[in-house]
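S.K.: Quick one, fold the following:
(2 chains)
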Amino acid sequence: MSRKLAVYGGAGIILLILTLTICVGIGSVDLPIGDIASILLHHVPFIGDAISPSWSASAEQIIMKVRLPRVVLGMLVGASLAASGAAFQGVLRNPLADPFTLGVSSGASVGAALLIFFGLQYSVFGSWTLPAVAFVTGILTLLGVLRLARQGGKIPTHSLILAGIVMQSFFGAVVSFLAAMSKQTINEILFWTMGSLSMRGWSYTAILFPYFIAGFLFLWSRARTLNILALGERQAAHLGLNVERTKLSVLIVATVLTAGAVSVSGVIGFVGLVVPHMIRLIAGPDYRLIVPLSALGGGIFMIWADTAARFVLAPTDIPLGIVTAFVGAPFFAYLLVRHKQQQRGRGA
Amino acid sequence: MITVKNAAKAYDGQFVLEGVNWHINQGEWWGIIGPNGSGKSTLLHLISGTEKLTNGDISIQGKPISNYSRKELSRIVAVLQQDGVPQIHFPVRDVIEMGRFPYQDWLGREQQGYEEKDQLLNEIMSKLELDSIADRSVDELSGGQRQRVALGKVMAQEPQVLLLDEPTTYLDIRYQLQFMELVQKWRMDNGLTIIAVLHDLNLAAQFCDKLLVLKDGKAVSSGTPAEILTRDNIHSVFKVNPAIVAHPDSGVPQLLLKRKL
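M.R.: Modelled structure (predicted):
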């Protein structure tokens, strides 16, 4: 297991670093890749001092103030969504589960839509008002879903999924209503619900980073219990797992992690659904591999998706959720076809 | 080893098990028999601690099961169900290693160390003839192989009590016999205490020392297979009139069903 983790994890980290360097280089101003690498290395503690600046100050400004924060934020959002998605699929033992299954994204959208509709998005905490409110409404939705799904001290998986669907459709209707009633020429509500990473700056990254690390480490530490849960809830209990406590703690942490990502980036679908499946195809069913590799894969996937979002129709940004769905949905169809073929192969 | 006192279980006020008293000595192999819906599986769930008692109490080694932590209980009691392992994509060896879960801390470490665990797993694999399929994924195996993997998993759990819930339901006669003999061999090696819910009364008669009969949630009788499997008893519990013959090898009673039409 640990050798597999070292091989796949090492490959993933190399891929991530390459992705970072290349995607920082893509944009309206052309910068040579050698300069980018040197600028980035220059800012790494200890080894940075060995590199003497040979680039223009404006290049450094573009890299460090504009492109890098966006790329790093994308990485964190993608990693959060994909790691949460893996955890959701593990706990609910449902291949269609994703980080939004329990309605966090819809709850966050309602909060955001209400603020935008009434023009309050910069009211209380300045530019932090919108993410803060989206986060809180996302968490409140989670509590509502858990309450709705509860049956005599236990939370059965099927009623959890149903309660999530109920919340999603209800809040989806509220958001659509607010968007339809909005008189703005550029519909800000609609754009928020489609996700974006533009104009965020380092402060968002600084907040999301420790938050991501804490949530991710918790989910990773539960990976072995997710393997046990794959045997079914009753067998997991027979093996000494406290099933209800595990389910609840993993779902809550994964949802809170998702709420953090959604509140800064809006709703970006398919990453949390597709990336864990991709990883499963490559690395097998062991969650001790799936959780960390999904985080890596989600980060890489999101950086590329965001690069496409800002580059394909430059200078217009395509909403990020559209890009991920464009790539993610066909891939999911491919998975489905492959799964069918495998089933047939086994039957023969 | 296990004492059941006045045990009762109700779902929504409806009692499915009532006033069961039962004592199990160490090393005994008990069979629980009775018609569908008589509370057999419920009784097993109560002993395994996955369902909570409505009334009465059950103690294992003199200590009420509610006083055990979930992991402590799983180090003593293991359970094997009729679909022993679901069709998951994990390799055989990983699934058997899952049996070690109650001994592991949150990092997956065991007190006794890595090499001893490896040795234990190797012994189990060769005892159950699973070496050749160690790296195959469980969802590629036949039902008989999967049930052997399930047995390997509970062996890795190193329990003192094994609960079997209709473990031979999905197996053909060859694997039924093989499975029961593997369990018997394990019992002879380790002095294991076994409680098995069995539908096949002929298998029960051959392998169990004693039988407990449940009907409508109540324990109606208990004793050796020869005492329990009589025409009158079978008729009063199952409402059928079988022919009963002695097994040519061991002399235990065997049932032959008689058709009327």
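S.K.: number of nearby residues for B:Tyr68?
M.R.: If you count neighbours by other C-beta atoms under 10 Å in any protein chain shown, B:Tyr68 ends up with 18. No exception for glycine: its C-beta is placed from N, CA and C like everyone else's.
S.K.: Check the gap between A:Phe209 and A:Val264 for me.
M.R.: As defined by C-beta to C-beta, to the nearest Å, A:Phe209 lies at a distance of 11 Å from A:Val264.
S.K.: between the two, which one's more packed in?
M.R.: Set side by side, A:Phe209 and A:Val264 show more neighbours around A:Val264, with 23 against 14, by other C-beta under 10 Å.
S.K.: Now do the contacts for the more buried one.
M.R.: Contact partners of A:Val264, counting by C-beta atoms under 8 Å, 6 or more residues apart in numbering or on different chains, are A:Leu73, A:Val77, A:Pro131, A:Arg200, A:Tyr204, A:Ile207, A:Leu208.
S.K.: Quick check, central residue of the chain?
M.R.: Looking at chain A here, since you left the chain open. Against the mean C-alpha coordinate of chain A, by C-alpha atoms, centre = their mean, the closest residue is A:Leu81 at 2.2 Å.
S.K.: my bad, the chain I had in mind was chain B
M.R.: Centre-nearest of chain B using C-alpha atoms, centre = their mean is B:Leu164, 1.3 Å out.
S.K.: so it, which of the three states?
M.R.: strand (DSSP: H, G, I helix; E, B strand; the rest coil).
S.K.: next one: the one 5 residues further on
M.R.: Here B:Thr169 takes the coil state, with states given by three-state DSSP.
S.K.: What parts of chain A come near chain B?
M.R.: For chain A, the contact set with chain B under C-beta under 8 Å from any C-beta of the partner chain comprises A:221, A:224, A:227-228, A:230-232, A:234-235, A:237-242, A:284-286, A:346.
S.K.: so of the residues you listed, which ones are in helices?
M.R.: A:Ser221, A:Arg224, A:Asn227, A:Ile228, A:Arg234, A:Gln235, A:Ala237, A:His238, A:Arg346 (DSSP state H).
S.K.: I'd say the residue nearest to the centre of chain A and A:Ile268 touch.
M.R.: Yes - counting by C-beta atoms under 8 Å, A:Ile268 is a contact partner of A:Leu81 at 6.7 Å.
S.K.: how far away is B:Glu140 from chain A?
M.R.: 7 Å (C-beta to the nearest C-beta, to the nearest Å).
S.K.: Quickly note the distance from that residue to A:Val337.
M.R.: Counting by C-beta to C-beta, the gap from B:Glu140 to A:Val337 is 20 Å.
S.K.: Kindly report the same for B:Trp186.
M.R.: From B:Trp186 to A:Val337 the distance is 44 Å (C-beta to C-beta).
S.K.: Ok, B:Cys208 next?
M.R.: B:Cys208 is 50 Å from A:Val337, by C-beta to C-beta.
S.K.: Any idea how far the longest helix anywhere in chain B is from the middle of the chain?
M.R.: Longest helix in chain B, counting residues (DSSP H): helix B:173-190. On the basis of C-alpha atoms, centre = their mean, to the nearest Å, helix B:173-190 sits 12 Å off its chain's mean C-alpha point.
S.K.: so what does that helix touch, helix or strand wise?
M.R.: Identification of packing neighbours for helix B:173-190 by 3 or more C-beta pairs under 8 Å, 6 or more residues apart in numbering or on different chains; DSSP states H and E yields helix B:143-156, strand B:161-165, helix B:201-207.
S.K.: Out of the ones you listed, flag the one nearest A:Gly152.
M.R.: strand B:161-165 (23.3 Å; C-beta to C-beta).
S.K.: Quick check: neighbours of that closest one in the sheet, parallel or antiparallel?
M.R.: strand B:77-80 (parallel), strand B:193-197 (parallel) (DSSP bridges).
S.K.: How far does stretch A:83-99 stretch from one end to the other?
M.R.: 9 Å (C-alpha to C-alpha, to the nearest Å).
S.K.: Isn't B:Pro64 up against B:Gly56?
M.R.: No - distance between B:Pro64 and B:Gly56: 10.5 Å, which falls outside the contact criterion (C-beta under 8 Å).
S.K.: Who has more neighbours out of the two?
M.R.: B:Gly56 (17 against 13).
S.K.: what does the model give residue 79 for pLDDT?
M.R.: Using chain A here. On pLDDT, A:Ala79 comes in at 96.
S.K.: Let me rephrase: I mean chain B.
M.R.: 95.
S.K.: gap between the closest residue to chain B within chain A and A:Ile252?
M.R.: Evaluated by C-beta to the nearest C-beta, chain A has A:Gly240 as its residue closest to chain B, separated by 3.2 Å. Per C-beta to C-beta, A:Gly240 is found 22 Å from A:Ile252.
S.K.: These two: which has the busier surroundings?
M.R.: The neighbour count for A:Gly240 versus A:Ile252, taken as other C-beta under 10 Å, is higher for A:Gly240 (22 against 16).
S.K.: that older thread, so among the residues of chain A next to chain B, which ones count as buried?
M.R.: For those, a burial check counting by 16 or more other C-beta atoms under 10 Å in any protein chain shown picks out A:224, A:227-228, A:230-232, A:234-235, A:237-241, A:284-286.
S.K.: quick check, nearest of these to B:Val240?
M.R.: Of these, the one sitting nearest to B:Val240 (C-beta to C-beta) turns out to be A:Arg234, at 31.3 Å.
S.K.: That closest one touches B:Leu44, doesn't it?
M.R.: No - counting by C-beta under 8 Å, A:Arg234 stays clear of B:Leu44, with 11.0 Å between them.
S.K.: tell me the contacts of the closest residue to chain A within the stretch 151-261 of chain B?
M.R.: Per C-beta to the nearest C-beta, B:Gln157 is where the stretch 151-261 of chain B lies closest to chain A, at 7.1 Å. Neighbouring residues of B:Gln157 by C-beta under 8 Å, 6+ apart: A:Leu239, B:Ser74, B:Arg75, B:Ala78, B:Gly99, B:Arg100, B:Phe101, B:Pro102.
S.K.: now these in TSV, with distance to B:Glu227 and secondary structure?
M.R.: Listed next are those as TSV, based on distance: C-beta to C-beta, whole Å; DSSP: H, G, I helix; E, B strand; the rest coil:
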residue	distance to B:Glu227	secondary structure
A:Leu239	36	coil
B:Ser74	34	helix
B:Arg75	34	helix
B:Ala78	29	strand
B:Gly99	36	coil
B:Arg100	40	coil
B:Phe101	40	helix
B:Pro102	37	helix
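S.K.: Any regions of the stretch 51-200 of chain B where pLDDT drops low?
M.R.: Of all residues in the stretch 51-200 of chain B, none has pLDDT under 70.
S.K.: hmm, back to that, find the residues that touch each one of A:Leu81 and A:Ile268.
M.R.: In contact with both A:Leu81 and A:Ile268: A:Ala261, A:Met302, using C-beta under 8 Å, 6+ apart.
S.K.: Not counting stretch A:249-263 itself, show me its contacts.
M.R.: A:76-77, A:80-81, A:83-84, A:87-88, A:90-91, A:99-100, A:102, A:104-105, A:108, A:130-132, A:134-135, A:138-139, A:142, A:160, A:208, A:211-212, A:215-216, A:218-219, A:222, A:225-226, A:268, A:272.
S.K.: and it, average pLDDT?
M.R.: 90.
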